[in-house]
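[1] Here is my input; please provide its structure:
(one chain, ligands or ions: 3)
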Amino acid sequence: MAAGCSEPPSFELRWSIAESFELLGDARTPESQAECTARGIDGVRVVTTQGGLTIDSREFDCFVDGLAPGPTLEAGRYLVEVMGLRRTQTPWSCQLDSTYIGDPNCTGGLGCACDEEGLCDEGLSCASQLQSTADGVEILGRFCEACTARSSFVIEIGGERPELDAPLISPLECDDGIDNDGDGLTDSLDPACARDPSRGESSDLDDTTIALQVSFLGGNNAADCIPGTNQAAPLGVSTIRTRLTGNGVDEVRDDICQRALPLQLFELAPGDYQVEVTGMGNDGAGGLEARTLSETLDLSVGELGGFLAATVDFAGEEFLEPVTGTVGGLPRFVFEVPGASTMARGCSPSNNSSSPLEIDEVDLTVLDIDGQAVDPATLAFPGASAVGDVSRLACPNTGLESSVLNWGSYALSIEGRVGTEVCFRTADPVDVLPSFPDAIQLQRVLVDGQPPAGCEDCSVDADCTNPEFPRCSAGLCLLP
Ligand SMILES: [Ca+2]
Ligand SMILES: [Ca+2]
Ligand SMILES: [Ca+2]
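    Ligands and ions are numbered 1, 2, ... in the order given. Here you go, the predicted structure:
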């Protein structure tokens, strides 16, 4: 390349931008980089090949004052491909999927086969029709299409220096990296593009958008419905059905259950509508019982469309078959040592534990969906004794589970005690799942960086039994 710079280029080129293949005659040479950016093309790559081998590849800003220089080439025939680039410096795809129907009986025109050299009429590009197979990708055919921002030429080097004029078709609004209609959502994130990429970003201006989130068990953060995860199992909801009715409309849409459902767009006449959101189970598949639960929302649509954003919560008692299960968890005590990775362990010191502290007892408080403490007698944690609203029991090394309760929603607070002193506690009540005693982390209680009396790891270095954490400072065993 460096040598080539001092040699005269073997060809020169400019490019112009057209709104579409039909408007090729109105293609304009961009007069500034700002104009390029506004039309979605950031740069231009020029690739010169011969017999399928790349001889040269170079990139330019989309705006070039005058002609852009090609490489210096030996005499011969070359294929020159000119590609517009996105802001990410990647070209747009110019491929056709296996369902594309091209015409192999004509050559060069729109939808016709490419010619022998891989060329098409001006403004069209030779696109490969691809099909994925077990061995990789197979080329089914090569057809002329109006690919985004692409032009090809065959040039003869040896005589007069060719001057190429490459028309580039600007990208579709839904694939240009620009929020064209200024609604804050760009390209595929814009609901208009999600519905029909060919109609641009503003085709949703007078549409009605429904943005729904679902939650379960009173907004329990631990309750989710991603099929296949452990968390989904206790709830058994796999599909969310949205049914829109009113004014003669009756549209049903099913989505895989997830917290944030995909945006839904409707073209609706002004009026009042109802949106019914239903959670559905697996119809007995996978050992789960079929469950249906629904809530109805009101939607008002005006001349400029409507907007409904709502979170629909399905509490345990709203399930057709009310949710029942135990409340529980496995306490894990977090020992943070500055400079070392944080570890959490059970009640007794482990080999790699920084602290020789043995946790004696835990106090459990269970809160219901209204934030009220549940009576320890109702919970009946095995081995627990009731101290007011608290269930107190010897620090367990296996998951704790209450008796079977009707859900609602439950959250669990735990304190870990050494003697009479609280040395660890959950920062906030932890949302739990029915019959799913997951690990629950308790943080060390520190007052001015020091554990309360009775909660210290050590008073002298000799108390720190793990040689990795031999230094006693402010009651904690630390790194050397
Ligand atoms: Ca766009
Ligand atoms: Ca937009
Ligand atoms: Ca839009």
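[2] can you pull out the strands in the stretch 251-400 of the chain?
    Using DSSP state E, counting those that start in this stretch, the strands of the stretch 251-400 of the chain run over 264-266, 271-280, 292-301, 307-314, 324-325, 328-335, 343-345, 361-367, 385-387, 390-394, 400-401.
[3] My error: substitute the stretch 1-150 of the chain in the last question.
    Applying DSSP E, counting those that start in this stretch to the stretch 1-150 of the chain gives strands spanning 12-18, 43-50, 53-61, 68-69, 76-85, 95-96, 103-107, 112-113, 125-133, 136-145, 150-157.
[4] E361 is nearest to which of the ones you listed?
    The minimum distance between E361 and the strands of the stretch 1-150 of the chain falls on strand 125-133, with 60.5 Å, by Cβ to Cβ. Where you see a C-beta, it was placed from the backbone N, CA and C, and this is true even at glycine.
[5] And for the closest one, what's in contact with it?
    For strand 125-133, the external contacting residues (Cβ atoms under 8 Å, 6 or more residues apart in numbering) are 94-98, 100, 102, 114, 118-120, 137-147, 150-152.
[6] do stretch 219-226 as well
    Under the contact criterion Cβ under 8 Å, 6+ apart, stretch 219-226 has outside partners 214-217, 231-232, 234-235, 237-238, 240, 257-259, 279, 311, 313, 409, 411, 430-433, 436, 438.
[7] Save the strands of the stretch 1-150 of the chain as TSV, and put in mean pLDDT and distance to ligand 2 too.
    Conversion of the strands of the stretch 1-150 of the chain to TSV gives the following (pLDDT from 0 to 100; distance: least, Cβ to the ion, whole Å):
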stretch	mean pLDDT	distance to ligand 2
strand 12-18	96	21
strand 43-50	97	23
strand 53-61	96	26
strand 68-69	97	32
strand 76-85	96	21
strand 95-96	94	26
strand 103-107	95	36
strand 112-113	96	35
strand 125-133	91	27
strand 136-145	91	26
strand 150-157	94	25
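[8] Need those strands in CSV (columns: mean neighbour count).
    Listed next are the strands of the stretch 1-150 of the chain as CSV, based on neighbours: other Cβ atoms under 10 Å:
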stretch, mean neighbour count
strand 12-18, 19
strand 43-50, 20
strand 53-61, 14
strand 68-69, 20
strand 76-85, 21
strand 95-96, 17
strand 103-107, 11
strand 112-113, 19
strand 125-133, 17
strand 136-145, 16
strand 150-157, 20
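[9] Let me have those strands in a markdown table, adding distance to T209 as columns.
    Formatted as a markdown table, the strands of the stretch 1-150 of the chain follow (distance: least, Cβ to Cβ, whole Å):
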| stretch | distance to T209 |
| --- | --- |
| strand 12-18 | 32 |
| strand 43-50 | 35 |
| strand 53-61 | 38 |
| strand 68-69 | 44 |
| strand 76-85 | 32 |
| strand 95-96 | 32 |
| strand 103-107 | 40 |
| strand 112-113 | 41 |
| strand 125-133 | 34 |
| strand 136-145 | 33 |
| strand 150-157 | 34 |
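[10] possible to save those as TSV with distance to ligand 1?
    Output for the strands of the stretch 1-150 of the chain, formatted as TSV (distance: least, Cβ to the ion, whole Å):
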stretch	distance to ligand 1
strand 12-18	16
strand 43-50	18
strand 53-61	21
strand 68-69	27
strand 76-85	15
strand 95-96	21
strand 103-107	31
strand 112-113	30
strand 125-133	21
strand 136-145	21
strand 150-157	19
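[11] Among those, which comes closest to G200?
    Checking those against G200 by Cβ to Cβ gives strand 12-18 as the closest, at 16.3 Å.
[12] Between strand 150-157 and the closest one, find me the angle.
    Counting by axes from the mean of the first three to the mean of the last three Cα atoms, to 10 degrees, strand 12-18 points 160 degrees away from the direction of strand 150-157.
[13] Now do strand 12-18: distance to the chain's middle.
    Strand 12-18 sits 37 Å away from the centroid of its parent chain (Cα atoms, centre = their mean, to the nearest Å).
[14] Can you classify the residue of the chain positioned farthest from its centre by secondary structure?
    Most distant residue from the mean C-alpha position of the chain: G159, 54.8 Å away (Cα atoms, centre = their mean). On the three-state scheme (DSSP: H, G, I helix; E, B strand; the rest coil), G159 is labelled coil.
[15] Residue numbers of this protein in contact with ligand 3?
    D181, D183, D190, A192, E201, D204 (Cβ under 5 Å from the ion).
[16] Hmm, E201 and the third one touching each other?
    Which is D190. Yes. D190 is within contact range of E201, at 4.6 Å (criterion: Cβ atoms under 8 Å).
[17] pLDDT check: weakest of the residues of the chain next to ligand 3?
    Lowest pLDDT among the residues of the chain next to ligand 3: D204, with 82.
[18] How much space separates the most centrally placed residue in the chain from S203?
    Residue closest to the mean C-alpha point of the chain, counted by Cα atoms, centre = their mean, is A260 at 10.9 Å. Separation of A260 from S203 (Cβ to Cβ, to the nearest Å): 23 Å.
[19] Please apply the same query to T186.
    Noted for T186: a distance of 15 Å to S203, by Cβ to Cβ.
[20] for L320, same thing?
    Taken as Cβ to Cβ, the span from L320 to S203 is 39 Å.
[21] Reformat the residues of the chain next to ligand 3 as JSON lines; add secondary structure.
    JSON lines is the format used below for those (three-state DSSP):
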{"residue": "D181", "secondary structure": "coil"}
{"residue": "D183", "secondary structure": "coil"}
{"residue": "D190", "secondary structure": "coil"}
{"residue": "A192", "secondary structure": "helix"}
{"residue": "E201", "secondary structure": "helix"}
{"residue": "D204", "secondary structure": "helix"}
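[22] Only whichever of these are buried, select them in PyMOL.
    In PyMOL, this line selects whichever of the residues of the chain next to ligand 3 come out buried by 16 or more other Cβ atoms under 10 Å:
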select buried, resi 181+190+192+201+204
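[23] Hmm, S238 is touching C257, no?
    Yes. S238 lies in contact with C257 (Cβ under 8 Å); the separation is 5.5 Å.
[24] Can you get me the centre-to-centre distance for stretch 26-36 and its chain?
    Mean-position distance between stretch 26-36 and its chain equals 35 Å (Cα atoms, centre = their mean).
[25] What are the contacting residues of that stretch?
    With Cβ under 8 Å, 6+ apart as the test, stretch 26-36 has contacts from 14-19, 39, 41-42, 61-63, 167-168.
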